[in-house]
Each structure stands twice: as C-alpha cells, then as structure tokens.
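Peer 1: Sequence and predicted structure are below.
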Amino acid sequence: MAQKTLALHFSVMLPLLTLTSSYISWADPPPTINIQGTLQDSQGDPLTGVRDYRVRFFDSETEGSSIVEVSGTTTLTSSGRFSLAVDPPEAALDAAEMWYELAIDEDGDGVDPNDVFPERVKVHSVPFALRAQDAETVGGMAASEFATTDALSSGLADKADLDHHHNAEYWSIEGNPGGEGRVLGTTDDQSFQIIVGGTRTLLFAPKPSSPNIVGGYWGNEILTETYGSVIAGGGSPDHINSVTGNYSFIGGGNGNVAGGSGATVSGGFRNKARAETSAVSGGWSNSASGYSSTVGGGYGNVAAGSESSVGGGEHNLAQDAYATVSGGRDNHAAGMASSVGGGLYNGASGVASVVSGGDNNYAPGRWSIVAGGKNNTASGESSFASGRMAKALHDGAFVWADSTFEDFSSTADDQFSVRANGGSRIFCNGDNSALYVETSGTGRTGHFRITNPENDNNSVAASTQGDGNALVGYTIGAGNGVYGETTSSGWAGYFVGSGGSSKGVHIETNGGQGLEVVGGAKSAVVPTSQGQRALYTEEAAEVWFTDYGFGHLENGRAVIPIDPLFSETVNLEEPYHVFVQLNDSESEGVAVEEKTATSFTVVELRSGDSNAEFSYRIVAKRRGFEEVRLEERPNL
C-alpha cells in the first residue's frame, strides 16, 4: 500500500478588496478548497503522473453521512506532490460542521477503498465565507458606509472616517495601531498562507520551538518534523526546493536541498547542503556533504570532508577534513588539510600537501608541494616539484625542471636538483657572494661534469673584469683547494693567460708542497721552427735551488762571492755543490776550495797561474726543506 502524507490540510483564503471607480466591494471569494500533500509507494519512492481523485464531504469525523462527493484528475510532481483545488457543492456549504475524505488512485485501476487516505480532515470556517458573498452588510455596515475610490483620491475619507468604519476587527490600508492581540494570521496551531493569483506563494507553519517559512513555488517543502527552517523562494514543478534539516535555509533557485541542521543553499540549481552547518552559495549541481563544508559556486563541485571547501570551478572535490580546492577543473584535494589552488586535473593526496595550480600535477607526499607547471609529482615527504615533468621522489627533495618533455627525478633524500637546458644565471649587485656553497659533511661543495662526449666546451669557466681572482680554491683541512680530474685525453687542469702581461698559474703554500705532478712529466711548451715543442724539467730526490755564474782566474786563483739574495733562499751552512766549467783548453784544470756561506774559491791545478775564464753552477738545499728526501705519497 502506498504511503500517504497530507502536508497541508487546508488553505486560508483572505478576502480581496477590489477598487472600482465608484465604490469598494468585497470581491467574490474563490469558491475552492485547496488540498495539498504527497504520495509515495511502499518503497518510499514518489508516485508521479496523472491520477484520478475523489473527495467526499461528511458531517462527522468518523462514520456519519456523506453529504456530497467531488471527483477529477490531478498531476503528481516528480517528488509525489499534488495540489487539488476543490469546488465544494452548495450542499456542503449548508452543513454546520464538515470533514472531507480524500482518495487518489495508486495503481491506475480507478479510485477504490484501498486508495483512501487514513484520516478525515476537518474543514474550518474559512470556506464558509463563500456564503458572505451575497450578504447585505459586512460587519453590520452597509456597502454605502465604505469609502469610495473617489473619496480616497480626493481626500474626503480622512483618518477619522477610517477609524470610525474600521474598528479593531479590521485592517486599514493606511496602517494600524499596535496593541495586544492585533495580529494578521492564525492564533491556533494552523498554518497561514498568502495566496497570489490563486496559488500559494508564502506559507507560515507553526512549530513548538521556531516556525517554518516556505516561499516561492507552492510545491517547495520543509519536512513536517523539521522546525526553524526557511525557503525564501524559487522552485518549479520539476525542481522543487526542499529542506529536511532544522534551522536550515534555501534562498532561492531550483531543485536545491538543505539537508543538514543549520545548512544553507543560497541559490543556484540542484545544489545540496546535506551535512550539519554546510553551505552552498550557488552554481549548479554542487554538494556540501561534509560537516561545516562549503562550496562557493561553479558546477558539479563536492566538499565532502569535514570543514572542507571548494571555491568554484567545475567537478572539483575536497574529500578529506579541512581540504580545499579554490577553483579550476577536475581537481582533487584528497589528503587531510590538503589544498589545490586551481588548474586542471591536479591532485593533492598527502597530509597538508599543496598543488598551487597547473595541469596534471600530483602531491601524494605528506607536507609536499607542487608549485605549478605540468606533469609534476612531489611524492616524498616535505618535497618540492615544479616546472614540467619534475619528480621529487625522495623525502626533502627539491626538483625544478625546464620545459623539456622528459622526466627529471631526484636520486636521493634532501637533494636539490635543477634541469635548465637554457643554462643557469645568478646575479648579485651587492657586496656579498653571488653564489655561496658550503657543506659540513664529507661530500663535495661542487661537482661539474660534461657527459656528452662530443661537447668540446669547458665544464667550468670563471672570469673577472676586476683585479680579483676568477677562480679560487681554498681549504683549511686536509683536502685540496682545487681538484681536477680527467679520465680521457684532456687536461685535468688547464690555465691560459691570453693577455700581453698575463700569467698562467700561481701556486702559493705555507710550508707544504707547492706543485706536485703524479704519473707524468713537467714541461714547458715553446714555439720552434718546427712548431710547439715541450721542454722538460730536471727532477731531484731532494729540494735544491740552483744559481749560475761566470768568472776568471787571476794568476791561477778566483774568489767567487755568492749572491746575497740567493743566499736568503738556501741554507749554505749545509754542504752545497759547485760545478765549474773551464773555457780555456790551455789551463791545467781547476778545483773548488774554501766553500763558505758567502763565497767559494776556484784554484788552478798544479800551481797553474793562468787567467782562464770559466762558468759555474752552485746547488744548495732550499731553506726549510733540508731534510726532505723522496717523501712517501701513500694516498695518491
């Protein structure tokens, strides 16, 4: 058997004042009784379409005699709502008291006893006002006592006249004095309606705590057990506005539902605020189903998480608690407190993750962020990705990728990775370093590498236009100030001084090795008639400094002073070498005697007394390196 509900038992018909050119009369009250309700099947689904109905009038609430009956057809809306305007026959108006019994065909076989609503409804006094249409007096006064339109327009009917003719039982069109008991409406538990053009436009339904107010289309509905709710307007036969929660509000629009306590739908079309204190401001087919969730507008958006929010756009979803999607299209904030700023097809599923915008970006890592761009992923905790196809796969990773259509991924936790095929530029116009790199661990502060074997450019280029150094290597530990390495035929270190007075390499140390070559020779390249040629250095097992000079014998003897400046670089207290080359074949030969810290003596052999010329070479230990000899290099 179908479920039957009479939402409204009767309508209050207000007498209508009709102004004519010569008099005011009570217009004929509409000869109808409005009956409204809903009809559902046993599963709770609404019955719809055109149905036969029958209304029987009785002189008793139960049993009694049938006074008269009225039949016809009515059309049920998509929600099972119906509204009947019944014209009661004359016989029904002569009864002192009257009840009606309603029956609507459920199964299409005509009205039968199974179609009768379970209770009769009492007809209150308002319909009996139909008898007043032919009364000679109204309230004991003849029609001539009422003000005419001419009198109103000419000012002949002053306030005193109105006060005289309109006592406490009437309402003046100029306003009415206050006072206890002065009301427009009902004083019992019955609803009060305002009808325009024969259709209800506003309903006030009393409730023990707070009344319901229903405006707009007559089929708009607030559940019977609901209280304190308002439908301000809107609605249509196919798309009624409906409230099922206490203290809820619908401002207007069509097909909207405020289903949670304190829920609000401001307007729009087919929006639903289903959860407690949820709200939809407008738009089309939006849903706020989470506690205190909000949808600002747009189309097809859902705020499903508790206190979640969707600002607008299309087909966006704020799924978890405190999640936010500001706008865009097909974006999804699935993580708790996650956020998507806009764009297309973006997803933030990690806790407190963020996608600012862009296209097809994802932030599944907790506290991760994608700043924008396209096809980026931040899956590591506290990771960052931006650009195009940047993949921050590790915790704490920062990945920025240029527009190249190729994945660029992090390879380790807490790593900073940048792909910039157009190069990187850093400018500084201040006194600080344009780039400062520091590490407190065991790794390098910088590693530069060219992986393309056909690339002939330099891996690192440094230049300066001032008096400073283009490249400086500095260390306070056991490491290297500058380290160069090659695995091919190139130079591990390559330095060019191309200016007229420029230099190649300057090496300075405070006591350690100044220059050390492992596994190769040291050479100087000089131009020759046969091209550039290398000349190689002479190596020694100890640290020696050498000076060269010329001299000549006088009567077979010469004292050669040692250059004082050279003496400052060597330790002449240590044994040193002097090699003499005679330039005279007649000489008997020479020997070196009396080597001191300031000079040495060259003496001709066999008591010769020639004046022969000679050249010499003095080799002495470098001061401070006297004990150095063939040092071990186990770590190279």
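Peer 2: Now that the structure is in, tell me what you want to look at.

Peer 1: going forward, measure contacts between C-alpha atoms and count neighbours the same way
Peer 2: Noted.

Peer 1: For E588, list the residues it contacts.
Peer 2: E604, L605, R606, G608 (C-alpha atoms under 8 Å, 6 or more residues apart in numbering).

Peer 1: which non-adjacent residue is nearest R81?
Peer 2: Nearest in space to R81, with sequence neighbours left out and distances taken as C-alpha to C-alpha, 6 or more residues apart in numbering, is T38 at 4.4 Å.

Peer 1: Doesn't the one you found belong to a strand?
Peer 2: Yes - T38 sits within a strand when classified using DSSP: H, G, I helix; E, B strand; the rest coil.

Peer 1: What is the neighbour count of it?
Peer 2: 21 (other C-alpha atoms under 10 Å).

Peer 1: So which of the contacts of E588 belong to strands?
Peer 2: Among the contacts of E588, the members falling in strands are E604 (criterion: DSSP state E).

Peer 1: are any of the contacts of E588 buried, and which?
Peer 2: E604, G608 (16 or more other C-alpha atoms under 10 Å).

Peer 1: Can I get the contacts of E588 in CSV including pLDDT and distance to A363?
Peer 2: Listed next are the contacts of E588 as CSV, based on pLDDT from 0 to 100; distance: C-alpha to C-alpha, whole Å:
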residue, pLDDT, distance to A363
E604, 94, 93
L605, 94, 95
R606, 92, 98
G608, 91, 99
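
Peer 1: which two in the contacts of E588 are spaced the farthest apart?
Peer 2: Greatest spacing in the contacts of E588, by C-alpha to C-alpha: E604 and R606 (6.8 Å).

Peer 1: tell me which element the nearest residue to G551 once chain neighbours are set aside falls in.
Peer 2: What sits nearest to G551 in space, not counting adjacent residues and going by C-alpha to C-alpha, 6+ apart, is F614, at 5.4 Å. Using DSSP states H and E, F614 falls within strand 613-621.

Peer 1: tell me which residues of that strand are tucked away?
Peer 2: F614, Y616, I618, V619, A620, K621.

Peer 1: Run through the stretch 251-400 of the chain and note the low-pLDDT ranges.
Peer 2: By pLDDT under 70, the stretch 251-400 of the chain has no low-scoring segment.

Peer 1: what ranges do the helices span in this structure?
Peer 2: Along the chain, counting by DSSP state H, helices occupy 90-93, 149-154, 159-165, 564-567.

Peer 1: and those, which one's lowest on average pLDDT?
Peer 2: For those, mean pLDDT drops lowest on helix 149-154, to a mean of 43.

Peer 1: And the strands in the stretch 401-550 of the chain?
Peer 2: For the stretch 401-550 of the chain, strands defined by DSSP state E, counting those that start in this stretch occupy the ranges 408-409, 416-419, 523-528, 531-536, 544-552.

Peer 1: per-residue confidence at the residue nearest to G551?
Peer 2: Note for F614: predicted pLDDT of 96.

Peer 1: And for the one 10 residues further on?
Peer 2: Looking at G624, its pLDDT reads 92.

Peer 1: Check L17 too.
Peer 2: We have a pLDDT of 28 for L17.

Peer 1: To A397, which of the strands of the stretch 401-550 of the chain lies closest?
Peer 2: Evaluated with C-alpha to C-alpha, the strands of the stretch 401-550 of the chain place strand 416-419 nearest to A397, the distance being 6.1 Å.

Peer 1: Parallel or antiparallel, which strands does the closest one pair with?
Peer 2: If you go by DSSP bridges, strand 416-419 pairs up with strand 398-401 (parallel).

Peer 1: Give me the contacts around the partner strand.
Peer 2: Contacts for strand 398-401 (C-alpha under 8 Å, 6+ apart): 383-392, 408-410, 414-420.

Peer 1: Mark which of the residues you listed are buried, thanks.
Peer 2: 383-392, 408-410, 414-415, 417-419.

Peer 1: residues contacting T601?
Peer 2: Taking C-alpha under 8 Å, 6+ apart as the test, what T601 contacts is R557, A558, V559, I560, V592, E593, E594, K595.

Peer 1: Now do the same contact list for A348.
Peer 2: Contact partners of A348, counting by C-alpha under 8 Å, 6+ apart, are H332, A333, A334, G335, S338, S339, V340, V354, V355, Y362, A363, P364.

Peer 1: between those, which has the most around it?
Peer 2: A333 (38 neighbours).

Peer 1: Any figure for the gap between it and D320?
Peer 2: Using C-alpha to C-alpha, to the nearest Å, A333 is found at 7 Å from D320.

Peer 1: picking that back up, kindly reformat the contacts of E588 as JSON lines and extend each row with distance to G313.
Peer 2: Below are these laid out as JSON lines (distance: C-alpha to C-alpha, whole Å):
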{"residue": "E604", "distance to G313": "109"}
{"residue": "L605", "distance to G313": "110"}
{"residue": "R606", "distance to G313": "114"}
{"residue": "G608", "distance to G313": "114"}
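
Peer 1: In this protein, what helix or strand scores lowest on average pLDDT?
Peer 2: Ranked by mean pLDDT, DSSP states H and E, the helix or strand of the chain with the weakest confidence is strand 17-19, at a mean of 28.

Peer 1: T528: how many residues sit nearby?
Peer 2: Counted with other C-alpha under 10 Å, T528 comes out at 9.

Peer 1: For it, list each beta-bridge partner.
Peer 2: G531.

Peer 1: show me where pLDDT drops low in the stretch 451-600 of the chain?
Peer 2: Along the stretch 451-600 of the chain, the model assigns pLDDT under 70 to residues 459, 470-471, 473-481, 488, 500, 504, 509-515, 519.

Peer 1: And for the stretch 51-200 of the chain?
Peer 2: Using pLDDT under 70, the stretch 51-200 of the chain drops low at 89-96, 124-183.

Peer 1: Repeat the analysis, applying 80 as the threshold.
Peer 2: 63-67, 85-98, 118, 123-185 (pLDDT under 80).
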